[in-house]
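[1] Sharing a model prediction with you, sequence too.
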Amino acid sequence: MAAPSGAGSCEDFAEFQDLLRVMRTIDDRIVHELNTTIPTASFVGKIDAGQTCKELYQSLTDAHTSRERIIKNCIAQTSSVVKTLREEREKAQDDIALLKQLRKEQTKLKLMRSELNVEEVVNDRSWKVLS
């Protein structure tokens, strides 16, 4: 599965979550993938279970790496926006619209950081199933 680039998904948190949801499909279907990877007695000679398991392992590793990279990239982008807005806020403390934008970006940053925790739980669950 080719990983989505994640470009542009940092601006809108709902789009960011949708991207992660799609990218987590492999983790959501890990039990099914294992059940279809390991051959039944009648298919033992027809399927190389070792190779298929290696491919599943590699796909899972690639998915985890891609998601972590996207999450951390969005956190870095949003942190930069928050920093810039804080600096602007220091100069214009009476600007209510600027304050609202800063609060919105801070909330988005907090939610993105929480996705790292979600990612850890999803990854741990998948690796436990695969072990």
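    Noted; the coordinates are in hand.
[2] May I have the phi/psi pair for Arg29?
    With angles defined as degrees, to the nearest 10, Arg29 sits at phi -110, psi 20.
[3] Let me fix that, I meant to ask about Asp95.
    Torsion angles, degrees, to the nearest 10, at Asp95: phi -80, psi 100.
[4] Excluding residues flanking it in the chain, which one is nearest it?
    Arg89 (7.3 Å; CB to CB, 6 or more residues apart in numbering). For the C-beta atoms, the positions are set from N, CA and C on the backbone; glycine is no exception.
[5] Helix or strand for that neighbour, just tell me which one.
    helix 49-91 (DSSP states H and E).
[6] following that helix, which helix or strand comes up?
    Using DSSP H and E, the next helix or strand after helix 49-91 towards the C-terminus is helix 96-130.
[7] can you pull the contacts of the residue nearest to Asp95?
    Applying CB atoms under 8 Å, 6 or more residues apart in numbering to Arg89 gives the contacts 95, 98-99, 102.
[8] Confidence-wise, which helix or strand of the protein is lowest on average?
    Across the helices and strands of the chain, mean confidence by mean pLDDT, DSSP states H and E is lowest for helix 30-37: a mean of 80.
[9] which other helices and strands contact it?
    helix 49-91, helix 96-130 (3 or more CB pairs under 8 Å, 6 or more residues apart in numbering; DSSP states H and E).
[10] Roughly how far does the residue nearest the centre of the chain sit from Gln77?
    Centrality entry for the chain: nearest residue to the mean C-alpha point is Arg67, 3.5 Å, by CA atoms, centre = their mean. For Arg67, the distance to Gln77 equals 16 Å [CB to CB, to the nearest Å].
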